[in-house]
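In: After the sequence you'll find the predicted model.
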Amino acid sequence: MKIKELCKEERPREMLAEKGARARTGADRMQETEGIGAARYATLAAALELGRRCWSGNGGAAAPAIHGAADTYALMAPLLHGLGHEECWIILLNRRNRPVFKGMVSQGDTGETAFPLGQILRHAVERGASALVLVHNHPSGDPLPSRADIERTAALREAAHAVGVLLLDHVIVSDGGYFSFAEEKSFPAGSA
């Protein structure tokens, strides 16, 4: 069977993008696909493991905990600096504030990107996250939040609270620094 003959949900690339590396098909099933034998499967598995280790940043040990906006900025700045468009990312955390998932949830233009609440919450619930950090960039160089940023953050904070997930922070990254809703105590009054 060729990869193109598989239904979309079973294709390796789509599974990786949608469900992550841990949801990849096992060796026996992968090797039934034309063009993926034992050697190709071993190469794919090794590449995925190397990617996981690089993502954790410390040779495969547990990813360092997020203790504040500076940790978030250090983790995300290399991915967001110099972009000419906005991107919205989430970092999902376990009870010890260690990242269990990091991923882009939307990409916009030079002045705005969406904060897809449903998608963000689905990721959080599926991965059993205790908390999340929302991160997006401002290509303009000014990290101060817009009115829309403030409103969307309030909506996400309430929605996350409703499903038992804490919105720990929203960090806006720019080439000149960052703005942290938590550090600036900018979470709107009355939100969870």
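Out: Happy to help now that I have it. Residues are numbered from 1 along each chain as shown.
In: Tell me which stretches of this structure form strands.
Out: For the chain, the strands defined by DSSP state E occupy 87-93, 99-107, 131-137, 166-174, 177-180.
In: if I pick the residue nearest the centre of the chain, what's in contact with it?
Out: Compute the mean C-alpha point of the chain, and by CA atoms, centre = their mean the closest residue is Gly103, 2.1 Å away. Going by CB atoms under 8 Å, 6 or more residues apart in numbering, Gly103 touches Trp89, Ile90, His123. Heads up, the C-betas are built off the backbone N, CA and C, glycines and all.
In: same thing with Leu117?
Out: Ala155, Leu156, Ala159.
In: Leaving out sequence neighbours, find the closest residue to the first one.
Out: Think Ala155. Closest residue in space to Ala155, ignoring its immediate chain neighbours: Leu117 at 6.5 Å, by CB to CB, 6 or more residues apart in numbering.
In: Check Met76 too.
Out: Nearest residue to Met76, sequence neighbours excluded (CB to CB, 6+ apart): Val135, at 4.9 Å.
In: is it true that that neighbour touches Ala74?
Out: No. At 11.6 Å, Val135 and Ala74 do not qualify as touching, with contact defined as CB atoms under 8 Å.
In: More neighbours: these two, which one.
Out: Val135 (27 against 13; other CB atoms under 10 Å).
In: give the contact list for that one.
Out: Val135 sits in contact with Thr72, Met76, Leu80, Cys88, Trp89, Ile90, Ile91, His170, Val171, Ile172, Val173, where contact means CB under 8 Å, 6+ apart.
In: top of the residues you listed by neighbour count?
Out: Val171 (30 neighbours).
In: Neighbours of Leu83, how many?
Out: 15.
In: Report pLDDT for it.
Out: Listed pLDDT for Leu83 reads 88.
In: Go ahead and confirm it touches Asn137.
Out: Yes. Shown here, Leu83 and Asn137 form a contact pair, counting by CB under 8 Å, at 5.9 Å.
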